[in-house]
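# Any chance you could fold what I've pasted below:
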Amino acid sequence: MADPATAAERSCPAAPLGNCLSVRVPLDRSGAVPGTIRLRAARIRSQRATRPPLIGLTGGPGQAGVIFATDYRDALPVAGRDLVLLDQRGTGASGLLRCPSLEGRVVSRLSSAAGACGRRLGARRSFYTSADSADDLEALRVRIGAPRIALYAVSYGTRVAVEYARRHPERVERMILDSPVGIDAPDSLARETLGAVGRVLRGACRNGCGGAEARPVADLARLVPRLRRSPIRRVVRRDGRRVTVTVGADDLLGLLVAGDLDAAFLRAVPPAVRSALGGNAGPLVRLKLRLRGTGGGDRVSDFNPAVYVATTCEESTFAWDPTASSATRGLQARAAVDATPLEALAPFDRSAALRFGLLALCGSWPVRERAVAPVAPLPTTVPALVVSGELDLRTPLENARRLAEALDARLVVERGIGHGVLQLDMNGCGSSAAQSFLAGRPLPACRRDARISVTGRAAPARALLRPVP
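Numbering: from 1, shown residues only. Below is the predicted model of the structure:
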């Protein structure tokens, strides 16, 4: 039900081309925990809307939405539709959730304070799941007076979109799932990402990797154990001061994952690995320096780490018992990793599965107090288009294939592209498919022999999910 005090739309500085609107929803729809959240959304109206509005769902979890309204409008074929962006609960101006100890940190360094954040949030931590956001989306649909809506979701937002379609399939005209999380993702031991490394490296080097394209996976497999035993440490001058740069085995995976937002960066990793094997660590150190300062320091109103941690630790399926003690969780996680064949993790190892999985983040998270609701069947009757980048390591292509099959959806794979296909490559196959799909036309044929290239204007980095696992 709309909040009477804020029923009218108004000008919205956060979305210069649109108007802001809001709707008040319960924190806990069961009523057991009191409180409400005023959700903020922005609507960019079409001059002639002839189709249901398109609602954009950002990633994270924890990313705001309204500030990206213009970016989404530029990246998406929205002719004939209003475009609506939502700050999902706890993000942006929708009841911003706060854990100051997490703010300003890169995602890979949240683990030390995650458990304390959960204890600080208390009972509220249970109500920032995808199911809660899906119910909020229904309240927004009622608020804007749309009998049906279309959805465009990227990365984690695809989980909210699918959950909404599970609950309200009759309300979804169609949905585009860009770089989707898997049906049961994220894997708590990062096996989906680790298992995709070899394929992604071979794809990235198909048209050259600075002389290292012959054996990029084998080279990486040689360097990982070497750096596990003895990480590279260099003291360099940067910004007028001396800084120590450490490159260990786990940093190699961080570099690869960062590269799925920048194909040129990804293709620079194999020659740097080859150089390090030959005794020159300089290129790897320089890549690590380039990576420093990205993915962290965001304003909490843009990306909220408290929501990222709360959502991830409250709704993920773990390889351990979340009701057990932290020590027991660690033992169970290690047992699960030990039972995983090494070839499923190659060219990395079991240490990488523990480091990049969810144990560090959620191992000390308080015991869940809210029962997990039964999951409804996947909505196979909703027209869906799944778009995935060949070089995506955050939400690998294998996830998209399984999801598309389960949804009976069309799948478009963009070669030479990583995470966030429609915002990275606005002139490619995925964008053409999205335009036809939203217009209700047959999908165009795509050239399968296209050279690997990133075409069009790259979206601002902030408009994409940046956290490294």
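# what sits against G418?
Taking Cβ atoms under 8 Å, 6 or more residues apart in numbering as the criterion, G418 is in contact with 259-263, 266, 389, 391-394, 424. (Each C-beta comes from the backbone N, C-alpha and C, glycine too.)
# and it, which of the three is it?
Taken by DSSP: H, G, I helix; E, B strand; the rest coil, the conformation at G418 corresponds to coil.
# Which phi and psi values does the closest residue to it other than its chain neighbours adopt?
In this structure, G418 finds its nearest non-sequential neighbour in D260, 3.1 Å apart by Cβ to Cβ, 6 or more residues apart in numbering. Note on D260: backbone dihedrals following degrees, to the nearest 10 are phi -80, psi 0.
# Kindly report the same for L76.
Phi and psi for L76, reported as degrees, to the nearest 10, are phi -110, psi 150.
# can you start the count at 32 instead of 1 from here on
Sure, I'll start numbering at 32, so the last one becomes L107.
# in the protein, which helix or strand is least confident?
Averaged element by element with mean pLDDT, DSSP states H and E, the chain has its least confident helix or strand at strand 41-42 (a mean of 73).
# quick one: the closest residue to V231 other than its chain neighbours and E169, what's the gap?
Residue nearest to V231 in three dimensions, not counting chain neighbours: L422, with 5.3 Å by Cβ to Cβ, 6+ apart. Counting by Cβ to Cβ, to the nearest Å, the gap between L422 and E169 amounts to 35 Å.
# what about the stretch 182-331 of the chain, any weak spots by pLDDT?
Across the stretch 182-331 of the chain, the stretches falling below the confidence threshold (pLDDT under 70) are 324-328.
# residue ranges for the helices of it, please.
When assigned using DSSP state H, counting those that start in this stretch, the helices of the stretch 182-331 of the chain occupy the ranges 188-198, 222-235, 247-260, 280-289, 294-308, 313-322.
# what do you get for the stretch 382-500 of the chain?
Assigned by DSSP H, counting those that start in this stretch, the stretch 382-500 of the chain shows helices spanning 390-393, 428-438, 452-455, 460-469.
# Would you mark the buried spots in the longest one?
For helix 428-438, the buried set under the neighbour-count rule, 16 or more other Cβ atoms under 10 Å, comprises 428-431, 433-435, 438.
# Go ahead and confirm A303 touches L315.
Yes. A303 lies in contact with L315 (Cβ atoms under 8 Å); the separation is 4.6 Å.
# Least confident of the helices of the stretch 382-500 of the chain, on average?
Of all these, helix 452-455 carries the lowest average pLDDT, namely a mean of 86.
# picking up where we left off before, neighbour-wise, which of L422 and E169 wins?
In terms of neighbours (other Cβ atoms under 10 Å), L422 is the more surrounded of L422 and E169; the figures are 30 against 15.
# contacting residues around R82?
Contacts for R82 were tallied using Cβ under 8 Å, 6+ apart; they are 111-112, 181, 204, 469.
# With C393 instead?
Under the criterion of Cβ under 8 Å, 6+ apart, the neighbours of C393 are 145, 219, 340, 343-344, 347, 349, 353.
# Could you rerun that using 6 Å?
Residues counted as contacts of C393 (Cβ atoms under 6 Å, 6 or more residues apart in numbering) are C344.
# likewise R432?
Contacts of R432 were listed using Cβ under 6 Å, 6+ apart, and none were found.
# Could you check how far it is from L385?
When Cβ to Cβ is the yardstick, R432 and L385 sit 27 Å from each other.
# To which secondary structure element is the nearest residue to Q466 once chain neighbours are set aside assigned?
Nearest in space to Q466, with sequence neighbours left out and distances taken as Cβ to Cβ, 6+ apart, is P108 at 3.8 Å. Taking DSSP states H and E as the criterion, P108 maps to no regular element, lying outside all helices and strands.
# what's the neighbour count on R269?
Taking other Cβ under 10 Å as the criterion, the count of residues near R269 is 10.
# unless I'm mixing things up, the residue nearest to Q466 is touching A464, no?
No. The pair P108 and A464 fails to qualify as a contact (Cβ atoms under 6 Å) at a distance of 10.1 Å.
# out of these two, which sits in the more crowded spot?
Set P108 next to A464 and count neighbours by other Cβ under 10 Å: A464 wins out with 25 against 18.
# the strands in the stretch 382-500 of the chain, which residues?
Remark: strands of the stretch 382-500 of the chain, listed N- to C-terminal, are 415-420, 441-445; assignment by DSSP state E, counting those that start in this stretch.
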